[in-house]
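> this one's structure only:
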């Protein structure tokens with residue numbers, strides 16, 4: 001996949017390096033020439049430029065880029081301006097970093113697809129989420145094993161855990177399911193809530209929109225995700 005990471009601070013640079021190491025094409029952008037030079041051997045491409053300048057940004061290969069992530073942290077104004085500019089340029093998927101609740105509200109108003117909180121989430125976790133389509137979230141237990149949340153593949157809908165054979169076919173353990181259900185508030189308004197279904201059993205039937213919580217080795221998870229969740 002192709003990525004553009006804007007802002008090569010600790011989080012942005014770490015994420016860009018991890019995505020590059022995993023075989024992706026990454027363009028890392030920063031206004032600091034020293035940062036661009038520091039990472040030119042570790043990231044596919046590095047560019048020194050102002051990401052708030054429309055003329056310069058429009059010259060980037062945005063149409064060929066799968067995900068653009070604005071990782072600017074120190075300058076909230078530059079973050080918002082760059083994010084708004086990229087939104088107007090209609091990139092395929094736009095993710096931006098939020099520094100505080102007010103900043104997050106502004107980004108939501110702009111209409112970003114997803115918001116990053118680097119103080120709470122690691123670059124390792126985001127690299128996994130971005131590289132593997134349909135992965136909702138992941139938690140790395142150690143270098144070899146992880147727990148991930150992934151959407152149920154379409155061809156598994158209507159089947160039970162036993163019929164799919166997660167353990168036999170992929171050597172993975174289904175821990176539980178997460179379902180989105182509509183509930184009514186005390187005022188009668190309907191809202192969608194996420195509900196964990198408890199420990200999974202072999203007879204649980206998979207439904208459209210369910211999220212699987214899977215445990216296994218990183219190698220086995222990669223095989224499953226690449227085969228079933230492209």
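Here it is on my side, so go on. Since the model is a prediction, treat every value here as computed from it, not as a measurement.
> Output the contacting helices and strands for the helix or strand containing residue 222.
Assigned by DSSP states H and E, residue 222 belongs to helix 218-228. On a contact count with 3 or more C-beta pairs under 8 Å, 6 or more residues apart in numbering; DSSP states H and E, helix 218-228 meets strand 145-151, strand 211-217. Every C-beta, even on glycine, is put in place using the N, C-alpha and C of the backbone.
> buried residues in stretch 37-54?
The neighbour-count check on stretch 37-54 (16 or more other C-beta atoms under 10 Å) flags 39, 43, 44, 46, 47, 51, 52 as buried.
> show me what contacts the fourth one?
The neighbours of residue 46, taking C-beta atoms under 8 Å, 6 or more residues apart in numbering as the test, are 8, 27, 28, 29, 30, 36, 37, 39, 40.
> same question, the last one
Residue 52 is in contact with 78, 81, 82, 85, counting by C-beta under 8 Å, 6+ apart.
> let's see it at 10 Å
6, 31, 72, 75, 77-85 (C-beta atoms under 10 Å, 6 or more residues apart in numbering).
> thinking again about what came up before, among the helices and strands packed on helix 218-228, where is the model least confident on average?
The weakest mean pLDDT among these belongs to strand 145-151, with a mean of 81.
> re the thing from before, so can I have JSON lines of the contacts of residue 52 showing neighbour count?
Formatted as JSON lines, those follow (neighbours: other C-beta atoms under 10 Å):
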{"residue": "6", "neighbour count": "29"}
{"residue": "31", "neighbour count": "17"}
{"residue": "72", "neighbour count": "27"}
{"residue": "75", "neighbour count": "14"}
{"residue": "77", "neighbour count": "9"}
{"residue": "78", "neighbour count": "18"}
{"residue": "79", "neighbour count": "25"}
{"residue": "80", "neighbour count": "19"}
{"residue": "81", "neighbour count": "18"}
{"residue": "82", "neighbour count": "23"}
{"residue": "83", "neighbour count": "26"}
{"residue": "84", "neighbour count": "19"}
{"residue": "85", "neighbour count": "19"}
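> Adding distance to residue 147, write those residues out as TSV.
Converted to TSV, the contacts of residue 52 look like this (distance: C-beta to C-beta, whole Å):
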residue	distance to residue 147
6	30
31	38
72	31
75	35
77	38
78	36
79	31
80	34
81	37
82	34
83	31
84	36
85	37
